[in-house]
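1. The sequence isn't on hand, but the structure is:
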Ligand SMILES: [Ca+2]
Ligand SMILES: [Ca+2]
């Protein structure tokens, strides 16, 4: 049987091949164009979202800084009033101590609280050098010991705190210096100076979580030694002075508390004779004037929220206010409940 072999028609091939390539090329171009368009649209949406986030973030930061400026003015005005209406005192019935309710701004709101840093026992007040030949212990050392004892903390923690903040590497009694902490699984070193945050206490040794919660209610950190202000004491700080653990404090009732306005620390001592004598004696440095404040500010704009804590120093003689630091990591707890 004869086989018929057909030769391809070269002409025909020459005509069809370019047309097929052209179709494929067009399809390829369309596909690439569509991909590019999609990529550009996605990129544009992302750029717009980023731009909006940056713009709102900048505006929020401006609002927080505005809140800080307002707070500085309130504190300065208080100083002017104090000078004009001697004796100079700071107490919780003054304007600065009243939390400012959230006030509306276009697209959001801003809320401000000013807190006195003399309302708590500042652990940086515990001196780091023993007075040679002193007949009695330093008053803030007495208070520090009383606090650690009240909270049933390991006595070694007090010595470790001493070493943590003193400016040398000599181990004080049951304390510890760099040679111990650098041997930890996660090594760290002592600041050998004033602590920057109360949580540094937890680097010194074991502490129950409940003890840590109580310590936060009574103690705090200010940049340098600060006297307690007997007019602004937190309930837990006053309880500590009276020998009561914060955990044993009764629940506060709903009625507004009455805040004292002592003109002299001795007036406070006379009104609190139930406080043990050694603690009353240790209130040598207590006062009625405050120099360190924390300003808590929260701002909300277009559904985004930001908060900031500014630490301020107000000179008690001339009212000059200096910014010491800003912290954007703290949680803001409003004193106001939203109502419909
Ligand atoms: Ca005042
Ligand atoms: Ca040290």
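-> Now that the structure is in, tell me what you want to look at. Every value quoted in this text rests on a predicted model; they were computed, and no experiment measured them. Ligands and ions are numbered 1, 2, ... in the order given.

2. What about residue 286, how many residues nearby?
-> For residue 286, the number of neighbouring residues by other C-beta atoms under 10 Å comes to 23. Using the backbone N, CA and C atoms, a C-beta is placed for each residue, glycine as well.

3. same check, this time on the one 4 residues further on
-> Residues near residue 290, counting by other C-beta under 10 Å, number 26.

4. Retrieve the pLDDT associated with it.
-> Residue-level confidence at residue 290 comes out at 97, pLDDT.

5. what do you get for residue 218?
-> At residue 218, pLDDT is 95.

6. just checking, it touches residue 147?
-> Yes - counting by C-beta atoms under 8 Å, a contact exists between residue 218 and residue 147, whose distance comes to 6.2 Å.

7. shared neighbours, the two?
-> Contact with both residue 218 and residue 147 is made by residues 121, 240, according to C-beta atoms under 8 Å, 6 or more residues apart in numbering.

8. Residues of this structure that sit close to ligand 1?
-> Neighbours of ligand 1 within the chain, by C-beta under 5 Å from the ion: 78, 82, 90, 94.

9. gap between the residue nearest to the first one when sequence neighbours are not counted and ligand 2?
-> Read it as residue 78. Nearest residue to residue 78 in three dimensions, chain neighbours excluded: residue 96, at 5.0 Å (C-beta to C-beta, 6 or more residues apart in numbering). Separation of residue 96 from ligand 2 (C-beta to the ion, to the nearest Å): 36 Å.

10. Also residue 236?
-> According to C-beta to the ion, residue 236 stands 29 Å off from ligand 2.

11. Tell me how far that residue lies from residue 257.
-> 13 Å (C-beta to C-beta, to the nearest Å).

12. okay, these two: which has more neighbours?
-> Neighbour tally, residue 236 and residue 257, criterion other C-beta under 10 Å: the higher count belongs to residue 236, 21 against 8.

13. secondary structure class for the more buried one?
-> Reduced to three states with DSSP: H, G, I helix; E, B strand; the rest coil, the structure at residue 236 is helix.

14. ok, it touching residue 247?
-> No - in this structure residue 236 lies outside contact range of residue 247 using C-beta under 8 Å: 9.4 Å.

15. what is in contact with those two at once?
-> Shared contacts of residue 236 and residue 247, defined by C-beta under 8 Å, 6+ apart, are found at residue 214.

16. Residue numbers of the protein in contact with ligand 2?
-> Listed as neighbours of ligand 2 in the chain under the rule C-beta under 5 Å from the ion: 163, 166, 190, 192.

17. rewinding a little: of the residues of the chain next to ligand 1, which is the most crowded?
-> residue 90 (25 neighbours).

18. now the helices: where do they sit in the stretch 151-300 of the chain?
-> Secondary structure of the stretch 151-300 of the chain by DSSP state H, counting those that start in this stretch: the helices cover 155-165, 178-181, 209-218, 235-241, 265-271, 277-282.

19. Which strands or helices does the last one pack on?
-> Yep, that's helix 277-282 we're talking about. Applying 3 or more C-beta pairs under 8 Å, 6 or more residues apart in numbering; DSSP states H and E, one finds that helix 277-282 makes contact with helix 139-150.

20. from the middle of its chain, how far away would the helix it packs on be?
-> Shown here is helix 139-150, whose average C-alpha point lies 25 Å from the average C-alpha point of the whole chain (C-alpha atoms, centre = their mean, to the nearest Å).

21. Pull the residues that contact that helix.
-> Helix 139-150 has contacts (C-beta under 8 Å, 6+ apart) with 121, 123, 125-127, 137, 155, 157-158, 161, 215, 218-219, 225, 240, 243, 245, 278-279, 281-285.

22. now these: which count as buried?
-> Buried members of these, counted by 16 or more other C-beta atoms under 10 Å: 121, 123, 125-127, 137, 157-158, 161, 215, 218-219, 240, 245, 279, 282-283.
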